[in-house]
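J.: how would this look folded up:
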Amino acid sequence: MSHLFLKRSSINGSGLHTKKPLRSGEKVGLIHGEIEIIREWTPFLSKISPNWIGIGRYSWINTKNSPFRYINHSCSPNTYIVGKRTVVALKNIAANEEVTMDYSFTEADPGWSIPKCNCGSKQCRRVIGPVYSLDTKTFQRNKSLIPENFRNIFLIEKKKYS
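T.: Predicted coordinates for the structure are as follows:
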C-alpha cells in the first residue's frame, strides 16, 4: 500500500490520500489488524476504539497498525469494503485525493454516532450512526456498497420498529 499516505484532511485531522490515480473497481488495499469481539460496549471501549472498522454486529478490526485507521467518513464516499478487509474504489480517485468511506455501512453498535458530520458532501446526513440509522431510501441507494452482514442487520433492526 505504498500508494497511500497521510496528509491534512479538510474533513477531520489527518486523512488517508493516494499518490496515484485509482480507477473505479480497483483495489485500494487491505485493512490489517486484529479482530476484536465485544458483546457489551462501554464508554471506555468507545475511547480506545475510535478507528476500529466493523465487520459484524459484535466484531471490529483494530486498525492500530493499519493506514486505514486514518480513513475519514464521507456521506459520498469514494471507496467501500468488499468482504471484511478489501477496500475498493467506488469511483475514479485522483492522485492526492483523500480516500473516504461511509462509516455507517460498517457499524452496528447502537451507542455509536458522529453527532456532527464534517464531510461537506451535498448528500451529507449531518448525524452519522449505525447502519440501521440510515433511512430506507439511503439504504436502498447504497445497498450494493454495504457488506451483506450489515445489510442483514439493517433489515432486522428496521423490522423491529415497523
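J.: only C-alpha atoms for contact and neighbour calcs from this point on.
T.: Fine.
J.: could you give the average pLDDT over the longest helix belonging to the chain?
T.: For the chain, the helix that runs over the most residues, judged by DSSP state H, is helix 148-160. pLDDT averaged over helix 148-160 equals 91, rounded to a whole number.
J.: can you tell me what sits against it?
T.: By Cα atoms under 8 Å, 6 or more residues apart in numbering, the surrounding residues in contact with helix 148-160 are Ile55, Gly56, Arg57, Phe105, Thr106, Glu107, Ala108, Val131, Tyr132, Lys143.
J.: list the contacts of the residue nearest in space to the middle of the chain.
T.: Within the chain, one residue has its C-alpha closest to the average C-alpha position: by Cα atoms, centre = their mean, that is Tyr103, at 3.1 Å. With contact set as Cα under 8 Å, 6+ apart, Tyr103 has these partners: His73, Ser74, Ile128, Pro130.
J.: the strands in the protein, which residues?
T.: Remark: strands of the chain, listed N- to C-terminal, are 4-8, 14-18, 27-30, 35-37, 53-56, 59-61, 72-73, 79-82, 86-89, 100-101; assignment by DSSP state E.
J.: looking at those strands, which is nearest to Cys119?
T.: Shortest separation from Cys119 across the strands of the chain is recorded for strand 72-73, at 6.7 Å, computed as Cα to Cα.
J.: hmm, back to that, okay, the strands of the chain in CSV with mean pLDDT next?
T.: Putting those into CSV (pLDDT from 0 to 100) gives the following:
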stretch, mean pLDDT
strand 4-8, 95
strand 14-18, 96
strand 27-30, 96
strand 35-37, 90
strand 53-56, 90
strand 59-61, 90
strand 72-73, 96
strand 79-82, 96
strand 86-89, 97
strand 100-101, 98
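J.: nearest to Cys124, of these?
T.: Checking the strands of the chain against Cys124 by Cα to Cα gives strand 72-73 as the closest, at 10.5 Å.
J.: any idea how far Gln123 is from Gly111?
T.: Here the distance between Gly111 and Gln123 works out to 23 Å (Cα to Cα, to the nearest Å).
J.: neighbour-wise, which one of the contacts of Tyr103 leads?
T.: Highest neighbour count within the contacts of Tyr103, by other Cα atoms under 10 Å: Ser74, with 24 neighbours.
J.: ends of stretch 140-154, what's the gap?
T.: Counting by Cα to Cα, you get 11 Å between the two ends of stretch 140-154.
J.: off-centre distance for that stretch?
T.: For stretch 140-154, the gap between its own C-alpha mean and the chain's C-alpha mean amounts to 12 Å (Cα atoms, centre = their mean, to the nearest Å).
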